[in-house]
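Student: this one's structure only:
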């Protein structure tokens, strides 16, 4: 905590007024990264352009940019697998916000109240939410991962347009 306080230009007691420990600082920093990613991803959904452009933009801003930001780090695996309850809780808030926005977006693209309409939107949401994990399973380079996200966006967008 002394090193962190010194790097931040504050006293150690001042740091403890805002954070309880290093885990709390890490959680706040990591949540800040996710908050920016989610803001940019949601903005992509709201941008002008084709359905594919908007879905791809959302995936690129959230998953692609995060992969680019963290893949080259020495401690990438530790960051991505942070098991701390504080980190998990902080990140979960932002990730939930993203998927709620994506669900609302999908409803605007494929409105309908029938069980079939709701099930279709749930399928698309599920694909968009969980497929990126599989697309980076083999730890691809950034360009390959981005291409895979674009292919996912194209596939989901085509299915939405055909529905």
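Tutor: Received, thanks. Bear in mind the structure is a predicted one, so any value in this text is a computation, not a measurement.
Student: helix or strand with the lowest mean pLDDT in this structure?
Tutor: In the chain, no helix or strand scores lower on mean pLDDT, DSSP states H and E than helix 76-80, which sits at a mean of 61.
Student: can you check the pLDDT for the spatially most central residue of the chain?
Tutor: The centre of the chain sits closest to residue 62, judged by Cα atoms, centre = their mean, with a distance of 4.0 Å. The model reports residue 62 with a pLDDT of 95.
Student: again, but for residue 87
Tutor: The model's pLDDT for residue 87 equals 75.
Student: same question, residue 82
Tutor: For residue 82, the pLDDT comes out at 60.
Student: show residues contacting the helix or strand hosting residue 97.
Tutor: In the assignment (DSSP states H and E), residue 97 maps to helix 85-109. The contact list for helix 85-109 (Cβ atoms under 8 Å, 6 or more residues apart in numbering) reads 23-24, 26-28, 30-31, 34-35, 37-38, 41-42, 45, 51, 54, 58, 62, 82, 121, 124-125, 128-129, 160. The C-beta positions use only the backbone N, C-alpha and C, and glycine is treated the same way.
Student: so which of those residues sit within strands?
Tutor: Using DSSP state E, no member of the contacts of helix 85-109 falls in strands.
Student: just the buried residues from those residues, in ChimeraX please.
Tutor: For the buried members of these, the matching ChimeraX selection, counting by 16 or more other Cβ atoms under 10 Å, is:
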select :24,26,27,30,31,34,37,38,41,42,45,51,54,58,62,82,121,124,125,128,160
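Student: low-confidence stretches in this protein?
Tutor: For the chain, residues meeting the criterion pLDDT under 70 lie at 75-83.
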